[in-house]
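Asker: sequence and predicted structure, then a few things I'm wondering about:
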Amino acid sequence: MRVADTIRLGVVMDPIGAINPAKDSSLAMLLEAQARGMDLHYFEQNDLRRRNGEALGSSRRVRVTDSRERWFELGARADLRLASLDVILMRKDPPFDTEYVYTTYILERAAQEGSLVLNRPASLRDINEKAFTAWFPQCCPDTLITRSMADMRAFLAEHGHIVVKPLHGMGGRSIFVVRQGDRNANVIFETLTEYDTRHAVAQRYIPEIRQVDKLILLVDGEPPDHVLARVPAEDDNRGNLVMGAAPEVRPLSARDRWIAGQVGPVLRERGVLFAGIDVIGDYLTEINVTSPTGIRELKKYGGTDLAARFLDVIEARLRARQR
């Protein structure tokens, strides 16, 4: 960051016109950054490129408004070096596919050329949101990652009641709850593994999901004093807001704080400064690092402003670079 200059902040995200402004955490971040006088630059994946090793982009300045009808205005397109931005937020939603990986390569070059890129591109590639729980087995229910249908059948026989899901999904998509004796079990395992050719996840079923699925947001590795509790609908097993779960804000429990204390420092060390961890009952089930949401609900129902806390961290990191 150039001393005494306005901070130039870029954001890479899905089309801003298609977001739900009442719920979108990227919009919350942009609103806070704009309130601090930052110069905001908007990109979609198609706007990024690399030439002769240099990370480039076609930027549009963006102004945002806390409105459900007209929440953004885009300026004219202008080419720039990504390294001319002080900070870049990678907020593109999954699926985490090859195109996502290619985008992180471009952003990694921008980071090497001087921009603060959050979350760190290498960590976005390394930290699969379901597989990375294996780094914290002390926090998790019994979990199996396999591409073998036979392994899944044996896991179901052992536990009698399990949850199975793809490694690459988000928002509660393709999550199945399976009981021993379910005649659909084999076709579910066939579908998720594509007949022993694709890895998938199986976890012991945690009955507390019927009451609540907790999202703990971490800023610079630290949790707030409250969690976003997502109460599943009566006719669904999934605690995802996009699938109809009802949001509530509840105090962080001692177990929640312990889990956050296990995970948070590792994420901070890896350059993941904004993350969300899913906790069901007393167990960690997922670690979300790509584009965690929940900022707006946590502020609306609990008064905790994590967008402001996140921008505080960004400004502190930029000041430290000046020294």
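Answerer: That came through fine.
Asker: SS state for A22?
Answerer: Recorded secondary structure, A22: coil (DSSP: H, G, I helix; E, B strand; the rest coil).
Asker: what's near enough to touch it?
Answerer: Residues near A22 by Cβ atoms under 8 Å, 6 or more residues apart in numbering: 68, 296. The C-beta positions use only the backbone N, C-alpha and C, and glycine is treated the same way.
Asker: residues contacting R204?
Answerer: Neighbouring residues of R204 by Cβ under 8 Å, 6+ apart: 141-143, 159, 161-163.
Asker: before we move on, what about T285?
Answerer: Per Cβ under 8 Å, 6+ apart, neighbours of T285: 133, 140-141, 203, 206, 278-279.
Asker: what's the answer for G114, then?
Answerer: Counting by Cβ under 8 Å, 6+ apart, G114 makes contact with A83.
Asker: most surrounded residue in the contacts of R204?
Answerer: Tallying neighbours with other Cβ atoms under 10 Å puts I162 at the head of the contacts of R204, with 25 neighbours.
Asker: direction included, what does the one helix or strand that one maps to pair up with?
Answerer: Using DSSP states H and E, I162 maps to strand 161-166. Within its sheet, and counting by DSSP bridges, strand 161-166 is paired with strand 176-179 (antiparallel), strand 200-204 (antiparallel).
Asker: can you pull the buried residues of the shortest one?
Answerer: In this case it means strand 176-179. 176-178 (16 or more other Cβ atoms under 10 Å).
Asker: from memory S25 sits against G294, does it?
Answerer: Yes. Using Cβ atoms under 8 Å, S25 is in contact with G294, at 6.5 Å.
Asker: ranges for the helices of the protein?
Answerer: Using DSSP state H, the helices found in the chain span residues 25-35, 98-112, 121-126, 149-159, 185-193, 254-269, 295-302, 306-322.
Asker: export stretch 205-222 to CSV, keeping only CA atoms.
Answerer: What follows is stretch 205-222 as a C-alpha-only set of coordinates in CSV (Å, rounded to 0.1, in the frame of the first residue of the first chain):
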residue,chain,number,x,y,z
TYR,A,205,-24.8,-39.4,11.6
ILE,A,206,-25.0,-36.8,14.4
PRO,A,207,-28.6,-36.7,15.7
GLU,A,208,-28.2,-33.1,17.0
ILE,A,209,-28.6,-31.9,13.3
ARG,A,210,-32.3,-32.1,13.9
GLN,A,211,-32.0,-29.2,16.4
VAL,A,212,-29.2,-27.1,14.9
ASP,A,213,-26.2,-26.9,12.5
LYS,A,214,-23.8,-24.2,13.8
LEU,A,215,-21.7,-22.0,11.7
ILE,A,216,-18.7,-20.4,13.5
LEU,A,217,-17.1,-17.6,11.5
LEU,A,218,-13.4,-17.0,12.1
VAL,A,219,-11.6,-13.7,11.3
ASP,A,220,-7.8,-14.0,11.5
GLY,A,221,-8.3,-17.4,13.3
GLU,A,222,-10.5,-16.0,16.0
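Asker: okay, the contacts of T285 in JSON lines with distance to K214 and pLDDT next?
Answerer: Formatted as JSON lines, the contacts of T285 follow (distance: Cβ to Cβ, whole Å; pLDDT from 0 to 100):
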{"residue": "T133", "distance to K214": "15", "pLDDT": "95"}
{"residue": "C140", "distance to K214": "14", "pLDDT": "97"}
{"residue": "P141", "distance to K214": "14", "pLDDT": "96"}
{"residue": "Q203", "distance to K214": "16", "pLDDT": "96"}
{"residue": "I206", "distance to K214": "11", "pLDDT": "94"}
{"residue": "D278", "distance to K214": "7", "pLDDT": "95"}
{"residue": "V279", "distance to K214": "4", "pLDDT": "95"}
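Asker: which among those residues count as buried?
Answerer: Buried by 16+ other Cβ under 10 Å: 133, 140-141, 203, 206, 278-279, out of the contacts of T285.
Asker: from the residues you listed, which is closest to V272?
Answerer: Taking Cβ to Cβ as the measure, V272 sits nearest to T133 out of the buried ones among the contacts of T285, at 14.2 Å.
Asker: quick one: that closest one and V289, what's the gap?
Answerer: Note on T133: its distance to V289, by Cβ to Cβ, to the nearest Å, is 12 Å.
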